[in-house]
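Colleague: Can you look at this prediction? I've put the sequence above it.
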Amino acid sequence: MSVEDITEELSPEKVVSELIAKYPTKVARKRAKQIVINKVGGDCEVPEIQSNVRTTPGLIGQRGCCYAGCKGVVLGPTRDIVNITHGPIGCGFYSWLTRRNQTDADQSPDGHNFMTYCFSTDMQDEQIIFGGEKKLKQAIQEAYDLFKPKAIGVFATCPVGLIGDDVHSVCREMKEKLGINIFGFSCEGYKGVSQSAGHHIANNGVFTHVVGTDDTVREGEFKINLLGEYNIGGDAFELERIFEKCGITLVSTFSGNSTVEGFANAHTADLNIIMCHRSINYVAEMMEKKYGLPWIKVNFISAAGTAKSLRKIAAYFGDQKLTDRVEAVIAEEMPAVEKACAEIAPALRAKKLCCL
Amino acid sequence: MHTTCLSETIGDDIPQIINKAKADGKIPPGRYVIHANTPSYVGSHVTGFSNMTKAMVDYFAESNGHKNKVINLIPGYSEPSDMEEIRRIASLMGIKTIMFPDTSGVLNGPLTGKFKMYPEGGVTIPELKQAGSSMGTVAMGRLASGPAARALDAKCKVHCEILDLPMGLHGTDMFVDMLRRMAGVNVPDSLTLERGQMVDVISDMHQYFYGKKVAIAGDPDQLLALAKFLVSIDMYPVYMVSGTPAGKKFEASLREVVKDLPHEVKIKIPGDMFLLHQWIKNEPVDLLIGNTYLKYIAKDEDIPLLRYGFPIFDRVGHSYFPTMGYKGGIRLLEKITDTLLDRKDRDATDINMELVM
């Protein structure tokens, strides 16, 4: 069967009804709201797809837990915070280096990079019965003694929430004792419907404990924060290169290739640009409210998307010099991209694809 | 069904839930639900593996009153390729086997372009039931396979022998000999030939193994079998850690393996790679053996790494080519010499670079 035959036979409506028909009535009712054909209506109305609800038992979901969103996604790529998982070893192990976040420790004077380590309190059943706060204190002390980090983050896991360990009070106590920034996240895995709740908790925590703690205003005419970029496979390095070429100063990234100092004076920037809205919009909203820092949505996927986003940033600042420089950079970068596209395009032309 | 920290802490009673589902008719006839208790705060991944292997016995094995001419093989926390190799050795000896768990043909299945919900390989439910009527069980790996073998002995009176993983010359000898005695068969010439080939490789390459210091991080069963193998070819496993709390008895048997080495040996059970790294910083080794996470230490300290154990994320091959049995032993020797000689070539000056070596 050729591709054309398949597409002819499978109209979107038919695919949806066939998918739904497989489910029991109750599940089908729920599922129907989650499989929507992306057809823009006459009055430019985009159909709304249901999300942010609990996974229906029996369906295979590709979701993470609250802890994964908080420790794994948002705080994971920060190299100079010692991120301690307070919990049994499994949580720490599976969030250890598995997201391909790269970081360049040579950019920091102290060269701190703790991302290659897995810090965990390795709770055993003894702690489940008698409580794990003592072990957490020991872990914080040990991490401090060994690494002398600028900041320590503590992440709660499911059993910690169930047995009632108070990670925040332990963090406050150890912060007082050690004199460095120590903060906890109540990101027990069972909270919320997916990793999304963890994003929110991470955003709140970083905003409360770190953002705004350093008022040093850096040099630079057009200062931005890049939000929701996690330097997967080194993406952020490429964006850093482009921004520098355009004369745009990057104050901080949340949180690819990031440092705790970057978070601390993020509020001194002129503009927040957001890539992954789902995971980081809360920080942008809070910075807007508290510091009057506006935010815009950008997208650096594809060369065209990158050019569009750079123009959007230039338009925000409304500075002719910046606009000219951005245009010059786009003009300089595009030929290489167009050449690569021209080489590969014949093999891809008219091919239909499925995105997951 | 596996439990998690969450369900264990709130106290879900899985057998009761399963029984109720059965009583309510929610589990159709001919369908089964089995469970193991696997909270992350008890033991390690090896504990969970071991518990689920035992659950296969607890839920399925039944004795029909006879002893079939079949031997149960419990291959432990091994690669699918090793499971295949273990079965191949038994079949060369003309022995019928039931192997569980069996990931061969499951985790190393072919890409055919056709969707199949259940892969071809693996053990079946009727086989798991029949395991209770086998004439004996050979369990490989005390930690991963021991509890299942003992449970089968207790439940169905299937005599069990618990061995190390069949690694290296001696380890494989023990396995083959146990099969021979249990099934009352002879060792075929074809297997003796493989053994001879392995002896040949060891004696040919011995000068490269002799006195080389090795640091190993791994699961207890693998660590013990590997240490025995390395000591037998005159390598020095000087640093050894396992994250699994394997107990004092295990640590004692590991120390027994290295007690005659002409070198100080550091062992920590449970111990982590951070500690291993500190030891290496104080006194380096010639070779690192362990899972993918060791590559950071290998890079930091510029020490060659042989990937072995679980998990290996960044290289293929381990699911297709065994390291157990005689053939697998030859492959492991090949990998060790390749790793050491590649380093020797890399470090050679123009003056001492040799073609033949």
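Modeller: Happy to help now that I have it. Numbers count the residues shown, from 1 in each chain, chains lettered A, B, ... in the order given.
Colleague: longest helix of chain A?
Modeller: Ranked by residue count and defined by DSSP state H, the top helix of chain A is helix A:320-348.
Colleague: low-scoring stretches of chain A, by residue?
Modeller: By pLDDT under 70, the low-scoring segments of chain A are A:1-9.
Colleague: Point out the residues in it that sit beside chain B.
Modeller: For chain A, the contact set with chain B under CB under 8 Å from any CB of the partner chain comprises A:87-91, A:96-97, A:116-117, A:123-125, A:127-128, A:157-159, A:162-163, A:189-190. Bear in mind the C-beta positions are built from the backbone N, C-alpha and C, glycine included.
Colleague: In ChimeraX, how would I select the buried members of the residues you listed?
Modeller: Applying 16 or more other CB atoms under 10 Å in any protein chain shown to the residues of chain A next to chain B leaves a buried subset, and the ChimeraX line that selects it is:
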select /A:87,88,89,90,91,96,97,116,117,123,124,127,128,157,158,159,162,163,189,190
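Colleague: In helices, which of the residues of chain A next to chain B appear?
Modeller: A:Ile89, A:Gly90, A:Cys91, A:Asp125, A:Gln127, A:Ile128, A:Cys158, A:Pro159, A:Leu162, A:Ile163.
Colleague: which one of those residues sits closest to chain B?
Modeller: Closest approach between these and chain B, by CB to the nearest CB: A:Gly90, at 3.6 Å.
Colleague: In which helix or strand does the closest residue to chain A within the stretch 201-350 of chain B reside?
Modeller: Using CB to the nearest CB, the single residue of the stretch 201-350 of chain B nearest to chain A is B:Tyr296, 5.0 Å away. Taking DSSP states H and E as the definition, B:Tyr296 sits inside helix B:295-301.
Colleague: elements contacting that helix?
Modeller: helix B:273-282 (3 or more CB pairs under 8 Å, 6 or more residues apart in numbering or on different chains; DSSP states H and E).
Colleague: same question for the helix it packs on, mean pLDDT?
Modeller: Average pLDDT, helix B:273-282: 98.
Colleague: Looking at the stretch 51-200 of chain B, which residue is nearest chain A?
Modeller: For the stretch 51-200 of chain B, CB to the nearest CB, closest residue to chain A: B:Met117, 11.9 Å.
Colleague: do the same with chain B
Modeller: For chain B, CB to the nearest CB, closest residue to chain A: B:Ser40, 3.4 Å.
Colleague: Mind telling me what element that residue is part of?
Modeller: Going by DSSP H and E, B:Ser40 is not part of any helix or strand.
Colleague: Tell me which residues touch it, please.
Modeller: A:Gly87, A:Pro88, A:Ile89, A:Gly90, A:Cys91, B:Thr4, B:Cys5 (CB atoms under 8 Å, 6 or more residues apart in numbering or on different chains).
Colleague: With B:Asp342 instead?
Modeller: Contact analysis of B:Asp342 by CB under 8 Å, 6+ apart lists B:Pro304.
Colleague: Tell me the secondary structure at it.
Modeller: helix (DSSP: H, G, I helix; E, B strand; the rest coil).
Colleague: quick one: the strands in the chain?
Modeller: I went with chain A, as the question did not name one. A:81-86, A:119-120, A:151-156, A:181-185, A:222-229, A:248-255, A:271-274, A:295-297 (DSSP state E).
Colleague: Wait, chain B was what I had in mind.
Modeller: Under DSSP E, chain B gives strands at B:68-74, B:96-99, B:134-140, B:160-163, B:213-217, B:236-241, B:266-268, B:287-290, B:305-307.
Colleague: Turn those into TSV, columns for mean neighbour count and distance to B:His45.
Modeller: Below are these laid out as TSV (neighbours: other CB atoms under 10 Å in any protein chain shown; distance: least, CB to CB, whole Å):
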stretch	mean neighbour count	distance to B:His45
strand B:68-74	22	17
strand B:96-99	20	20
strand B:134-140	24	17
strand B:160-163	19	20
strand B:213-217	24	14
strand B:236-241	25	15
strand B:266-268	17	18
strand B:287-290	27	15
strand B:305-307	20	17
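Colleague: Can you add distance to chain A and mean pLDDT and give those strands back as JSON lines?
Modeller: Output for the strands of chain B, formatted as JSON lines (distance: least, CB to the nearest CB, whole Å; pLDDT from 0 to 100):
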{"stretch": "strand B:68-74", "distance to chain A": "24", "mean pLDDT": "98"}
{"stretch": "strand B:96-99", "distance to chain A": "27", "mean pLDDT": "98"}
{"stretch": "strand B:134-140", "distance to chain A": "25", "mean pLDDT": "98"}
{"stretch": "strand B:160-163", "distance to chain A": "26", "mean pLDDT": "98"}
{"stretch": "strand B:213-217", "distance to chain A": "13", "mean pLDDT": "98"}
{"stretch": "strand B:236-241", "distance to chain A": "14", "mean pLDDT": "98"}
{"stretch": "strand B:266-268", "distance to chain A": "14", "mean pLDDT": "98"}
{"stretch": "strand B:287-290", "distance to chain A": "15", "mean pLDDT": "98"}
{"stretch": "strand B:305-307", "distance to chain A": "15", "mean pLDDT": "98"}
